[in-house]
Structure formats: structure tokens, C-alpha cells
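> turn this into a structure:
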Amino acid sequence: MRRVVCCGLTTLDVTQVVDRVPAPDEKVVARSVAVDVGGPAANAARTVAALGHPATLVTALGAGPLADLARALLAAEGVEVVEIAADDGAPALSTVLVTAGTGARAVVSTNAVGRATSAPPGDVLDGAGALLVDGHLLAAQTALARGAGARGAAVLLDGGSWKPGLEDLLAHVDLALLSADFTLPEVTGARRRAGPDAVLDGVARLGPALVARSHGPDPIRVLAQGRRYGLPVPHVPAEEVVDTLGAGDVLHGATAMHLADGASWHDAVARGAQVASRSVRFAGALGWAAT
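Numbering: from 1, shown residues only. Prediction:
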């Protein structure tokens, strides 16, 4: 059982379930409220730990009570945290509105843009089977990705959106698993209208041997060494969807875990999709793990 290292964003999330997202200048009463850690890399690490595998999170929490709370929540779930913040600022904060009945979410986050980080420890990848990166904290992620191959660790990108400098990281990525919203700066206008594979082609040219793009409940589009196909996603009836928050992060975390265990890229993504589909039946990114 090889360890998974996740490097990237951790947020502290304030999540409120509402009947509908308020209009401008309108107030609504929430059905419930919860405070938890979030962020692509953090949720992926939590997923790995929930599935019974050792997980290390390389992230920038900083100092203060919010950072202490995030560390305590992660430690309680079995996630080892490696701090690389180069300042004493607080962690990123997200406000999440989840619409009851549909599971749709609206998120406002301070993100980690411009956050100063120190170099990750040289031994953080020792014994790791996979490295997950999310496009945040790019300098640290690129440094880790450069050395991952020599340690036998597959590099998986959680591609939520394009970020300046991502091309340098992609040169060291084995598998890029993109969101439906992901696009490249040059894939606009006529090229965007050419179809979804324009994004897969563009990312593949930057380095990854396999590029996949999720589309919610629709099949995952895959480009693997010139072969294109759709990977089916387990069906979840609309009436059973409770919360889509963090489903993409769960997909990436579960995929990384299976990669670390030696699964093929195809099987790792397919198994990750099974866990992600299960997760939308429960509240919160890790609600499924408590059952």
C-alpha cells in the first residue's frame, strides 16, 4: 500500500444549505450550516485517507486560529500535513451555498493566488506511489512533479481551471483529469466550437500521456496515446443527488489512490468515478465516508 502525496490548495469552508441562492440584496435562511476543510488537494487527501490509504498533504495553511482549526480537522481524518507557507497569513476561506433538492453549489473563495511558499522537503515523495497536484501553489507542485518519476510516483493533475504557468507543470504530468469548465487560453472561438476534444488535444500536446475530462453524470472523455473514447459514469437518479460539493475532488483522490496501488490509468479513473458517484448521495465532500 503506497502513500499518496497531494500538493495544493486547502481552504476552510463555511457551507450553508439553502432552498435557493439569494438574489441581489436578498437574505435567505439556511437549512443548515457546517464548517470544514476543503480545497481540491485537501479533499483529495481526505478521500485517500477515508479509503484506508496513507495520505500526505503538502499545503500552505499559515498561522492563526483558522490554520490551527484546519490542521486539527485534517489530523482527525488521518491526513499528514506538510506546511510550506512562507508567511503567517491565514488559510484560504470559502463560502459555499448548496441548493437543497438539486445539490447545485455556488462558491466564493479567497483562493491562494500569490501565496508565498517555501520549497517542499526533499524526502516528501519517498515511498509515494502517486502525486496529485491541483494547479495551485504552482512553484511547489512543479518542483515535486519534476522528481516524481525518479521515485516511481505517477503524477495526476486535478485540472479545475487554467492558471498562468500551468504549462510548466503539465510537462511533468502523466495523467491530466480535467473538469468540464477547464479550457486553454487558445481554445476559443472557432476552435472551441470544433468540439470538446480540442481541449484534450491541447493539453496532450503539453505533456500528459493521458488526458481525461469529466462532464458530471455524462461519460468522461478520454484521450490516451491517440485513442479517444468515453468512459461511462455510474448513473445516479436525480432524486438521489444530495450534494455535488467536492465530487470532483473525490474523483481525483480515489483515482490517485488506485494509481498508487498500480492500477492502469483507465481502471484508476473508472474506479475513481465509482467513488465520486457514490459521494453525491451524501452531504459534504466526505459524507459518504461515514457510512
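
> ranges for the strands of the stretch 101-250 of the chain?
105-109, 128-133, 154-159, 175-178, 210-215, 218-224, 227-231 (DSSP state E, counting those that start in this stretch).

> what sits up against the fourth one?
Going back to what we said before, that points to strand 175-178. Strand 175-178 is contacted by residues 154-159, 170, 199-200, 203, 208-214, 251-252, 255, 259, 265, 268-269 when judged by CB atoms under 8 Å, 6 or more residues apart in numbering. Any C-beta I mention is one placed from the backbone N, CA and C, and that applies to glycine too.

> what pairs with that strand, parallel or antiparallel?
Sheet pairing here is set by DSSP bridges, and for strand 175-178 it gives strand 154-159 (parallel), strand 210-215 (parallel).

> out of the contacts of strand 175-178, which are buried?
The neighbour-count test (16 or more other CB atoms under 10 Å) marks 154-159, 170, 199-200, 203, 208, 210-214, 251-252, 255, 259, 265, 268-269 as buried among these.

> OK, contacts around the most centrally placed residue in the chain?
Nearest to the mean C-alpha position of the chain, by CA atoms, centre = their mean, lies Pro40 at 3.2 Å. Taking CB under 8 Å, 6+ apart as the criterion, Pro40 is in contact with Gly8, Leu9, Asp134, His136, Asp158, Gly160, Gly248, Asp249, His252.

> give me the neighbour count for Val107.
The number of residues packed near Val107 is 14, by other CB atoms under 10 Å.

> not counting sequence-adjacent ones, nearest residue to it?
Nearest residue to Val107 in three dimensions, chain neighbours excluded: Val96, at 5.2 Å (CB to CB, 6 or more residues apart in numbering).

> is the one you found bridged to anything, and to what?
Thr15, Val107.

> and it, how far is that from Arg31?
Relative to Arg31, Val96 is positioned 13 Å away (CB to CB, to the nearest Å).

> more crowded one of the two?
Val96 (22 against 11).

> surely that one touches Ala106?
Yes. Using CB atoms under 8 Å, Val96 is in contact with Ala106, at 7.3 Å.

> now list the buried members of the contacts of Pro40.
Using 16+ other CB under 10 Å, the buried ones in these are Gly8, Leu9, Asp134, His136, Asp158, Gly160, Gly248, Asp249, His252.

> need the max-distance pair from the residues you listed.
Based on CB to CB, the longest span within the buried ones among the contacts of Pro40 runs between His136 and Gly248 and measures 14.3 Å.

> first to last residue in stretch 114-134, what's the distance?
Using CA to CA, to the nearest Å, the end-to-end distance of stretch 114-134 comes to 15 Å.

> list the buried ones in it?
Residues of stretch 114-134 classed as buried by neighbour count (16+ other CB under 10 Å): Arg115, Thr117, Pro120, Val124, Leu125, Ala128, Gly129, Ala130, Leu131, Leu132, Val133, Asp134.

> how about stretch 273-285?
Residues Ala273, Val275, Ala276, Ser277, Arg278, Ser279, Val280, Arg281, Ala283, Gly284, Ala285 are the ones in stretch 273-285 that count as buried (16+ other CB under 10 Å).

> looking at the chain, which helix or strand does the model trust least?
Of all helical and strand segments in the chain, the minimum by mean pLDDT, DSSP states H and E falls on helix 189-193, at a mean of 46.

> and what about Thr255, helix, strand or coil?
Following DSSP: H, G, I helix; E, B strand; the rest coil, the label given to Thr255 is helix.

> shouldn't it be in contact with Ala268?
Yes. With contacts counted by CB under 8 Å, Thr255 reaches Ala268, the gap being 4.8 Å.

> mind checking the SS state of Phe282?
Three-state assignment for Phe282 (three-state DSSP): coil.

> gap between it and Trp288?
5 Å.

> related to what we said a few turns ago, skip the chain neighbours and tell me the closest residue to the residue nearest to the centre of the chain.
Nearest one to Pro40, counting by CB to CB, 6+ apart, is Asp134 at 3.9 Å.
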